[in-house]
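>>> Based on what follows, work out the 3D shape:
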Amino acid sequence: MQLKPNAFRLHETVRSVETMSRFALAVLALASGVYTYLGVRGLLDGSASFVFFAAIIYSVAVSVAIYAFWTYMMRFIPLVVGGVQRLGLFVTMAVGCCMIIAMSSWLNAAALAGSAALEQHMAVTLQGYAEDLDNAHARALASQSLLPDVERAAARFSALAQDERDSGALTGTQGSGSVVQLLSQMSTQMNQLGATISGSRADVATLFENGSARLATMRELVSTPGDITPRADAFQAEAVQLSAIIAALQQTDVAASVKRAAADLSAGFIAPIADGRSADLANRQDQVMETVRASVAAQSAALSGAADEILAQPVVEQRRFVPLSSAEAVIRYWSDFIPSWAGAISIDLLPVVLVLTLMVVNDAMRREAETLQEAETITAAEMLRVMALYRRMGAEGASEAAAALAPHFTEREAIPPDGVDKPRPDDDATVTPIASAPRKRGEGPRPA
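A predicted model of the protein is given here:
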């Protein structure tokens, strides 16, 4: 059997945890203020003393605001029972929660995950720089792929010139003439173009090696533990150097130069005059030189097409590292730090659970009090006091009733119902007087 009703026990429990609720709310407000101080300190610029005092003032204001707001909510919402009034308080609480998140929660998240967010920003930027370096290097190597075609064309022209000189393979007459001179000229131009392409290979290798070394240094800055600020500054310096290397690597691309050289082969083709001693030999030399012209035009078209394919590849855009504050990094990469955001918001909005709990408990107490009988809501001492008061009220009520009815009965006796005046009981004529004189001991009764 319950010695106390459930509503009374709920009321006692609420009163017993009131101090704990205040203490918990104060601790949560203080914790939010501390992390707000850490978050806002990274956003302020100026002297150390200015940053310190400004951050302290802001964090204290946040702590006081959070404590006052949730104190009001914990006091008023459980007591309001009207639907419209409670809905208004809920809307007020929602607006207050949004304001708390705006002024505190994101700074708490910056304090909790600011360094990790900056490292994430550097890692993403590093990945972009690595892709840019690989793309620029691949494009430079694509230009190197033209070298075998150029060398093969140079070797073919040189071999034809040698065959014509030794055996007259083209004109039927051996010796050096206009055809040999033309073939040697084409071979020389192809060799010069091949030397240009080969010369850029060493530059490409050197630049790529330097860029890889910069990337390695940047990876160390991202993964090395310690304060994030000096690491971010060093990372930015390395990023500037790497951007310069990527730009230089793109400038070593000889595809455009190969295309221009290939176009010059066909457009700038100059055939020497046939120097044959006979008309037949001169005619054969002209025919061979026309054949060489067609071959040079075909080779030029092939090299130009290959160079166009390389030039059609997208150019690597210049990338720039943008330094961010810890708060900006947390906001930009929020999806990677959802647990930190959840913890930062929970510190500020955990009192919502306390408010809802108190509201439910107060509603339960009101329902319990409405369904209980009066005998179950008072103690034995209270019952005794109520009974004593009841008896006292009954006694005082009877006295007042008798006093009120006495005049009424006197009037009814003064006028009889039949109209005949009867002698009153207190009349002297109807009362026998009794001698009241004292008698002495031994005396008999007095005569009548």
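
>>> Check the secondary structure at residue 399 for me.
Three-state assignment for residue 399 (DSSP: H, G, I helix; E, B strand; the rest coil): helix.

>>> For it, give its distance to residue 387.
Taking CB to CB, to the nearest Å as the measure, residue 399 falls 19 Å from residue 387. In short, each C-beta sits where N, CA and C put it, glycine included.

>>> Then residue 307?
As judged by CB to CB, residue 307 and residue 387 stand 115 Å apart.

>>> pLDDT on the longest helix anywhere in the chain, on average?
When the chain is parsed with DSSP state H, its longest helix is helix 178-223. Averaged over helix 178-223, pLDDT sits at 81.

>>> now for that helix, which elements pack on it?
Under the contact definition 3 or more CB pairs under 8 Å, 6 or more residues apart in numbering; DSSP states H and E, helix 178-223 sits against helix 106-144, helix 147-167, helix 228-251, helix 255-267, helix 279-311.

>>> can you list the weak-confidence ranges in the stretch 1-150 of the chain?
Regions of the stretch 1-150 of the chain meeting the criterion pLDDT under 70 cover residues 1-5, 7.

>>> let's go with 90 and repeat that
Confidence mapping of the stretch 1-150 of the chain against pLDDT under 90 gives the ranges 1-21, 38-51, 75-86, 102-120, 127-150.

>>> Which pLDDT value goes with the most centrally placed residue in the chain?
Centroid-nearest residue in the chain: residue 334, 3.3 Å away (criterion: CA atoms, centre = their mean). Here, the pLDDT recorded for residue 334 equals 85.

>>> Isn't residue 259 up against residue 302?
No. Counting by CB atoms under 8 Å, residue 259 stays clear of residue 302, with 11.4 Å between them.

>>> between the two, who's got more neighbours?
When residue 259 and residue 302 are compared for neighbours, residue 259 comes out ahead with 20 against 14, by other CB atoms under 10 Å.

>>> Show the contacting residues for the nearest residue to the more buried one once chain neighbours are set aside.
The spatially closest residue to residue 259, leaving aside those adjacent along the chain, is residue 307, at 3.7 Å (CB to CB, 6 or more residues apart in numbering). By CB atoms under 8 Å, 6 or more residues apart in numbering, the residues touching residue 307 are 143, 146, 255-256, 258-259, 262.

>>> one more time with 6 Å, if that's ok
Contacts for residue 307 (CB atoms under 6 Å, 6 or more residues apart in numbering) come out as 255, 258-259.

>>> circling back to that earlier point, winner for burial among the helices and strands packed on helix 178-223?
helix 106-144 (a mean of 21; mean count of other CB atoms under 10 Å).

>>> Run the angle between that helix and helix 228-251 for me.
20 degrees (axes from the mean of the first three to the mean of the last three CA atoms, to 10 degrees).

>>> just checking, what packs against helix 106-144?
On a contact count with 3 or more CB pairs under 6 Å, 6 or more residues apart in numbering; DSSP states H and E, helix 106-144 meets helix 18-41, helix 178-223, helix 228-251, helix 326-332, helix 338-349.
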